[in-house]
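Student: could you look at this predicted model? Sequence included:
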Amino acid sequence: MYDPIKALRAKFPPPQTLSVKVNCHDVRLLRRVLSARGYGNLQWRDPVACPDVSADYDDKLALIVRNYQREHQLAADGICGPLTWASLADYKTWPAKSAPPKPTREAKLRKAIVKRAASRVGIREETGHNDGADVERILKRAGGVKGEPWCAALQDCNVEDGYTDCGEHTPYDIGRSCSGIVSRLAERIFTNAKQAKPGDLMIFKGGTGRKVKFNGKATAFCHVGMIEQVLDANGKFPTIEGNTDPGGSSEGDGSYRRLRSPRNCVFFRTV
């Protein structure tokens, strides 16, 4: 059974400081831990009963944090910082650990690629027709034009920029077509979700676009997102995607964080 307090204690370094208007996956963990402590919605702690806990740090959550702080002799400011995290984990201060091993080339590249993707969360189309300065710039870099779908073009930019940030050239071209990724770069495609890592891509089957041969069958692919973290307790991947919306459309108006099931998709190894 999932224990959010154990999940919190296993984190090192401790989660980031959270306050109103922050949106990230650590907010979900905070909601589950508070629930396990008897604060807020008591269903938050259970991924089965409440699989889609909000990642938004809103005013209501700040009030719950403030109540917890007040009852645990902490500064009741509604901000979940190091001392509040430590208290939630039953620590006085977060225990120190020995210096982590030097990151490998792969780890550096994956971190840089995900960082670039995170920096583009919030991009929006101008009129909802695959347009606007940021979207058109992304499409142009990937060889596309205004009005074309841009989910793949966004990942092309994220991966290329991540490699550049590490002083390397990208050894392949993602381009702007989901089906094209599968057909042109088949040697990097895999299907086992447990092998997927942050920075890899999820490519979703479906749609009415061009079909390519995959596992001996003509298959269309309609959307692509980047994995931001490994599978969560609910068996879903936190992702960063373009050309989507909060409901998960493959024809949405911007770049959003999503939670995605690994069903009906393939994966692309970026590093």
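Tutor: Done, it's in.
Student: sketch out the strands for the chain, chain order is fine.
Tutor: Here the chain has its strands, by DSSP state E, at 189-190, 201-205, 211-214, 217-227, 237-244, 254-260, 265-268.
Student: hey, which of the ones you listed is tucked in deepest?
Tutor: Mean neighbour count, computed with mean count of other CB atoms under 10 Å, is highest for strand 237-244 among these, reaching a mean of 25. From N, CA and C alone the C-beta is placed, and that goes for glycine too.
Student: what's that strand packed up against?
Tutor: Here strand 237-244 touches helix 105-119, helix 151-165, strand 217-227, strand 254-260, going by 3 or more CB pairs under 8 Å, 6 or more residues apart in numbering; DSSP states H and E.
Student: and residue 55, which of those is closest to it?
Tutor: Residue 55 sits nearest to strand 254-260 of all these, at 6.8 Å, using CB to CB.
Student: how much does the closest one deviate in direction from strand 237-244?
Tutor: Strand 254-260 runs at 150 degrees relative to strand 237-244, counting by axes from the mean of the first three to the mean of the last three CA atoms, to 10 degrees.
Student: hmm, back to that, turn the helices and strands packed on strand 237-244 into a markdown table, including distance to residue 208 and mean pLDDT.
Tutor: Formatted as a markdown table, the helices and strands packed on strand 237-244 follow (distance: least, CB to CB, whole Å; pLDDT from 0 to 100):
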| stretch | distance to residue 208 | mean pLDDT |
| --- | --- | --- |
| helix 105-119 | 27 | 97 |
| helix 151-165 | 15 | 97 |
| strand 217-227 | 7 | 94 |
| strand 254-260 | 21 | 95 |
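Student: those: which one's closest to residue 57?
Tutor: In terms of CB to CB, the element of those nearest to residue 57 is strand 254-260, at 13.5 Å.
Student: how many other residues sit next to residue 132?
Tutor: The tally of other residues near residue 132 (other CB atoms under 10 Å) stands at 18.
Student: what of the one 5 residues further on?
Tutor: Residues near residue 137, counting by other CB under 10 Å, number 12.
Student: quick one: closest of the helices and strands packed on strand 237-244 to residue 45.
Tutor: strand 254-260 (17.4 Å).
Student: relative to helix 151-165, how tilted is the closest one?
Tutor: Between strand 254-260 and helix 151-165, the angle comes out at 90 degrees (the same axes, to 10 degrees).
Student: packing partners of strand 254-260?
Tutor: Looks like strand 254-260 contacts strand 237-244 (3+ CB pairs under 8 Å, 6+ apart).
Student: could you give me the average pLDDT of the strand it packs on?
Tutor: Averaged over strand 237-244, pLDDT sits at 95.
Student: what pairs with that strand, and is each one parallel or antiparallel?
Tutor: Looking at strand 237-244 with DSSP bridges, its partner strands are strand 217-227 (antiparallel), strand 254-260 (antiparallel).
Student: switch those strands over to a markdown table; also include distance to residue 84.
Tutor: Formatted as a markdown table, the strands paired with strand 237-244 follow (distance: least, CB to CB, whole Å):
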| stretch | distance to residue 84 |
| --- | --- |
| strand 217-227 | 29 |
| strand 254-260 | 23 |
